[in-house]
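> With the sequence up front, the predicted model follows.
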Amino acid sequence: CSRWEEEKNEDGVKWMQLEHRGPYFVPPYEPLPKDVHFYYDGKPLKLSLATEEVATFYAKMLDHEYTTKEIFQNNFFHDWRKEMTSEEQEIIKDLDKCDFGEIHKYFVDKNEARKALPKEEKQKLKEEADKIQEEYGYCILDGHREKIGNFKTEPPGLFRGRGEHPKMGMLKKRIMPEDVIINCSKDSKIPKPPEGHKWKEVRFDNTVTWLASWTENIQNTLKYIMLNPSSKLKGEKDWQKYEVARRLKDVVHTIRAQYRKDWKSKEIKKRQRAVALYFIDKLALRAGNEKEEGETADTVGCCSLRVEHIQLHPQLDGQEHVVEFDFLGKDSIRYYNKVSVEKPVFKNLQLFMKNKDPTDDLFDHLNTTFLNKHLQHLMDGLTAKVFRTYNASITLQEQLKALTNPEDNIAGKLLSYNRANRAVAILCNHQRSIPKTFAKSMQVLQEKIDAKKKQVEEAQEEVKKAEDEFKDTKDAKAEANVEKKKKLLKRLEEQLAKMNIQATDKEENKQIALGTSKLNYLDPRITVAWCKKFGIPIERIYNKTQREKFAWAIDMTGEDFEF
DNA sequence: GTCAAGACTTGGAAGAATATTT
DNA sequence: AAATATTCTTCCAAGTCTTGAC
């Protein structure tokens, strides 16, 4: 427990000692074998090394949908040409005349070969990977050996954005030591750059938590090497996050009363803020920062909603004042929802939309800075995202309370947990694409259930038969047989029940992604307390990685914890 | 105050490892 | 033992919010 209770540093100091080996650099490009050809306009063409490398990036992605998109193709071709020699540029002028088929096949085969490797070979590869992990995967932070989250530089390749990203297909350059800034403590063993290279910079900044950083060339933003979630530093931060959310619980009623009042404010700015905050609170929308146009996919959050993203229905399906939301949120995940809102909200929305074009901002007098300033004023540390954390965690707690039946067996209780988890994921709009094999595996499961049902019926008859025989004979052997058959029946019934639960869970879960809420929104102490209260082993809910991440919560939480 | 850069959290997909079935 | 399904891990993009420069 003590590990989580050491006093914390003031004034933004994150550590006193930080020592590490620097990032692990991905191996250099390996040229294609002589017999693997690239063809242009039907004729084999030997490419220069740099050109060939970029060609392999595209070739590897050939059976991915990305490569069918025009933007992807254009961006790729544009960047590829920049890598070409002038002779190659003279020849290769049309992507449609490029044939990467052989290169593609080479990598597919190589992959297969790797999978088919004998056990010992695989073992050897694993040991090599472990050695690298051992060497580069850890650092020393204030005397503790801590796991690093991402200790490898990102390999070069083609940028894959999400959704309709204008930069998809662009060339992501190889990261060299000369691009990398190292951060560590002055008196530590400073990491050595790879032979013949030097770092961009070595700095000693203990007000930040990253160990190394570089600027990536697509969006020109920084990438960092940071600690694993199991580290003390990250764990404490996580804990802190949930403590802020718990403080919101005490003032949320006041805040709700306040924004209701503000719906009628004389200032349009305040009204917009109050309506936006209502959405953020009720629907768990993200804040919605402004984004640079044309640099990323067109996605929005609350403050950046446009008129075209909502439709107002005074009446719909027997409900009043319905707002129909339809927009792309983070990662271009669609948010679609029809919500009956309070009348003043509806009236305000009508007002905000008046005389505007579909592409105009709905909240044209509002941005996240203004909103967060206001929230900060209402509670120390309060920002828009805290509402998501708060509402997610409180929902889990309430749902667990409502759904858990102490009489249920473990499988039943786990189903309840999953359902509570699911309620949160739905609130936060955490979706996944339906797994490719979903329909098939569902069918297989259904067939198993049917077979099991039959078995149960048969076992029932067996029991009856045995009982009849016992009635007739009254002998001990027949009595034992009755017991035996009953036992079998019971076991089969339990198996059937478990399968039914599994099927229900699977069906309800097909389009919902539970991971994100579990990892980022649900105070783990709620889960730990629930497990303790109902005698569920924590491993049934959290796998090893998750237990490491939530070690702080597992350490400190009793069964009576309340969020 | 404004704007861009910086730091850190959150996000689903893909790939790897493991479990289960055939 | 191979094939298939499921779970776990890695990857890296895309958000939020803070900080720093002017």
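Yep, that arrived. These figures come from a predicted structure and were not determined experimentally.
> Flag every residue of the stretch 201-350 of chain A that's near DNA strand C.
Selection of the stretch 201-350 of chain A residues close to DNA strand C by C-beta under 7 Å from any atom of the strand yields A:216, A:218-219, A:286-289, A:291, A:296-297, A:299, A:301, A:329-332. To be clear about C-beta, it is placed using only N, CA and C from the backbone, and glycine gets the same treatment.
> Out of these, give me the one that has the most neighbours.
Highest neighbour count within those, by other C-beta atoms under 10 Å: residue A:288, with 25 neighbours.
> Is it correct that that residue falls within a helix?
No - under DSSP: H, G, I helix; E, B strand; the rest coil, residue A:288 sits outside any helix and is assigned coil.
> Would you check that it makes contact with residue A:303?
Yes - the pair residue A:288 / residue A:303 is scored as a contact, 4.0 Å apart, by C-beta atoms under 8 Å.
> Run through the strands of the stretch 201-350 of chain A in chain order.
Ranges of strands in the stretch 201-350 of chain A, per DSSP state E, counting those that start in this stretch, are A:201-203, A:212-215, A:222-225, A:310-316, A:319-328, A:334-340.
> One more: the stretch 351-500 of chain A?
According to DSSP E, counting those that start in this stretch, the stretch 351-500 of chain A contains no strands.
> Quickly check: whatever helix or strand residue A:78 lives in near DNA strand B or not.
Using DSSP states H and E, the element containing residue A:78 is helix A:70-83. No - Helix A:70-83 does not reach DNA strand B (C-beta under 7 Å from any atom of the strand); its nearest approach is 13.4 Å.
> Helices of the stretch 101-250 of chain A, start to end?
In the stretch 101-250 of chain A, the helices defined using DSSP state H, counting those that start in this stretch lie at A:101-115, A:119-136, A:232-262.
> and these, which is most packed in?
helix A:232-262 (a mean of 16; mean count of other C-beta atoms under 10 Å).
> got any residues that touch both of residue A:288 and residue A:303?
Both residue A:288 and residue A:303 are contacted by residue A:368, under the criterion C-beta atoms under 8 Å, 6 or more residues apart in numbering.
> Near DNA strand C, which residues of the stretch 401-550 of chain A are found?
Going by C-beta under 7 Å from any atom of the strand, the residues of the stretch 401-550 of chain A near DNA strand C are A:437, A:440-441, A:444-445, A:515, A:543-546.
> out of these, who has the most neighbours?
Going by other C-beta under 10 Å, residue A:546 tops these with 20 neighbours.
> and that one, how far is that from residue A:493?
For residue A:546, the distance to residue A:493 equals 33 Å [C-beta to C-beta, to the nearest Å].
> Flag every buried residue along the helix-or-strand element of chain A with minimal mean pLDDT.
Confidence across the helices and strands of chain A bottoms out at helix A:476-508, with a mean of 80, counting by mean pLDDT, DSSP states H and E. Neighbour-count burial for helix A:476-508, counted by 16 or more other C-beta atoms under 10 Å, picks out A:478, A:481-482, A:485-486, A:488-489, A:492, A:496, A:498-501.
> What helices and strands are in contact with that helix?
For helix A:476-508, the contact count by 3 or more C-beta pairs under 8 Å, 6 or more residues apart in numbering; DSSP states H and E identifies helix A:410-427, helix A:438-473 as packing neighbours.
> by how many degrees do the longest one and helix A:476-508 diverge?
Counting by axes from the mean of the first three to the mean of the last three C-alpha atoms, to 10 degrees, helix A:438-473 points 160 degrees away from the direction of helix A:476-508.
> buried sites along helix A:438-473?
The neighbour-count check on helix A:438-473 (16+ other C-beta under 10 Å) flags A:445, A:449, A:452, A:455-456, A:459, A:462-463, A:466-467, A:469-470 as buried.
> Just give me the closest of those to DNA strand B.
DNA strand B has its nearest neighbour among those in residue A:445, at 9.5 Å by C-beta to the nearest atom of the strand.
> doesn't residue A:504 make contact with the closest one?
No - Residue A:445 is beyond contact range of residue A:504, at 10.6 Å (criterion: C-beta under 8 Å).
> got a list of what residue A:368 touches?
A:287-290, A:303, A:384.
> ok, 10 Å please
By C-beta atoms under 10 Å, 6 or more residues apart in numbering, the contact list for residue A:368 reads A:276, A:286-290, A:301-304, A:375, A:383-385.
> Do you know the pLDDT at the nearest residue to it once chain neighbours are set aside?
The spatial neighbour of residue A:368 that comes closest, neighbours along the chain excluded (C-beta to C-beta, 6 or more residues apart in numbering), is residue A:287 at 4.5 Å. We have a pLDDT of 97 for residue A:287.
> ok, back up a step: also near DNA strand B: which of the contacts of residue A:368, exactly?
Among the contacts of residue A:368, DNA strand B is touched by A:286, A:385 when using C-beta under 7 Å from any atom of the strand.
> I'd like the contacts of residue A:368 as a markdown table, with distance to residue A:33 appended.
Formatted as a markdown table, the contacts of residue A:368 follow (distance: C-beta to C-beta, whole Å):
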| residue | distance to residue A:33 |
| --- | --- |
| A:276 | 59 |
| A:286 | 48 |
| A:287 | 52 |
| A:288 | 51 |
| A:289 | 48 |
| A:290 | 50 |
| A:301 | 49 |
| A:302 | 54 |
| A:303 | 54 |
| A:304 | 50 |
| A:375 | 60 |
| A:383 | 55 |
| A:384 | 54 |
| A:385 | 51 |
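> phi, psi of residue A:40?
Phi and psi for residue A:40, reported as degrees, to the nearest 10, are phi -120, psi 130.
> And the one 4 residues further on, by the same measure?
Note on residue A:44: backbone dihedrals following degrees, to the nearest 10 are phi -60, psi 140.
> so who does the closest residue to residue A:442 other than its chain neighbours touch?
Using C-beta to C-beta, 6+ apart and skipping the chain neighbours, the partner closest in space to residue A:442 is residue A:506 (6.5 Å). By C-beta under 10 Å, 6+ apart, the residues touching residue A:506 are A:435, A:438, A:441-442, A:445.
> And residue A:506, how far from residue A:387?
From residue A:506 to residue A:387 the distance is 31 Å (C-beta to C-beta).
> Over to residue A:210?
28 Å.
> Please say which of the two ends up with more neighbours.
More neighbours surround residue A:387 than the other of residue A:210 and residue A:387, with 25 against 17 (other C-beta under 10 Å).
> so how far is DNA strand C from that one?
Going from residue A:387 to DNA strand C by C-beta to the nearest atom of the strand, to the nearest Å gives 8 Å.
> my guess is that residue meets residue A:287, correct?
Yes - at 9.3 Å, residue A:387 and residue A:287 qualify as touching, with contact defined as C-beta atoms under 10 Å.
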